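Asks: just coords:
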């Protein structure tokens, strides 16, 4: 997510989510107190994962990696017909669309963070991705 946010011209690229900040004044105050853009983005990521984990049951959460690994079958949670999918999908996590040096910096900073995002992803999965980036 963090790498993809750097590729779009939205407020999240600068570490802000105006709608979320309007709904959650504490988030707005927290982000305003953080100078570094990447640190703000990590805080936004933590905020989103906290809400996802708080309001959705595990079975309703579909991870990108699960969609890729199952050829799309993981989408059956929201579209039962997806059980018939068998698409040849490839992860784009190490895509040339992303600046790999920036991704390494993001990963290193992310590994030092704490929050609800670690309920969705393991630190080992981030370390594995960083290892893949160094061999691409």
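Replies: On my side now, so go ahead. These figures come from a predicted structure and were not determined experimentally.

Asks: now do the helices in this protein.
Replies: Remark: helices of the chain, listed N- to C-terminal, are 2-5, 18-23, 25-32, 37-55, 64-69, 100-111, 123-135; assignment by DSSP state H.

Asks: out of the ones you listed, nearest to residue 78?
Replies: Within these, the stretch nearest residue 78 is helix 64-69; the backing value is 11.1 Å (Cβ to Cβ). C-beta: built from backbone N, CA, C; applies to glycine.

Asks: that older thread, could I get the helices of the chain as JSON lines with mean neighbour count and mean pLDDT?
Replies: Conversion of those to JSON lines gives the following (neighbours: other Cβ atoms under 10 Å; pLDDT from 0 to 100):
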{"stretch": "helix 2-5", "mean neighbour count": "18", "mean pLDDT": "92"}
{"stretch": "helix 18-23", "mean neighbour count": "13", "mean pLDDT": "97"}
{"stretch": "helix 25-32", "mean neighbour count": "14", "mean pLDDT": "98"}
{"stretch": "helix 37-55", "mean neighbour count": "17", "mean pLDDT": "96"}
{"stretch": "helix 64-69", "mean neighbour count": "15", "mean pLDDT": "95"}
{"stretch": "helix 100-111", "mean neighbour count": "16", "mean pLDDT": "95"}
{"stretch": "helix 123-135", "mean neighbour count": "13", "mean pLDDT": "93"}
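
Asks: now these as a markdown table including distance to residue 80?
Replies: Compiled in a markdown table, the helices of the chain are given as follows (distance: least, Cβ to Cβ, whole Å):
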| stretch | distance to residue 80 |
| --- | --- |
| helix 2-5 | 28 |
| helix 18-23 | 31 |
| helix 25-32 | 35 |
| helix 37-55 | 22 |
| helix 64-69 | 15 |
| helix 100-111 | 34 |
| helix 123-135 | 28 |
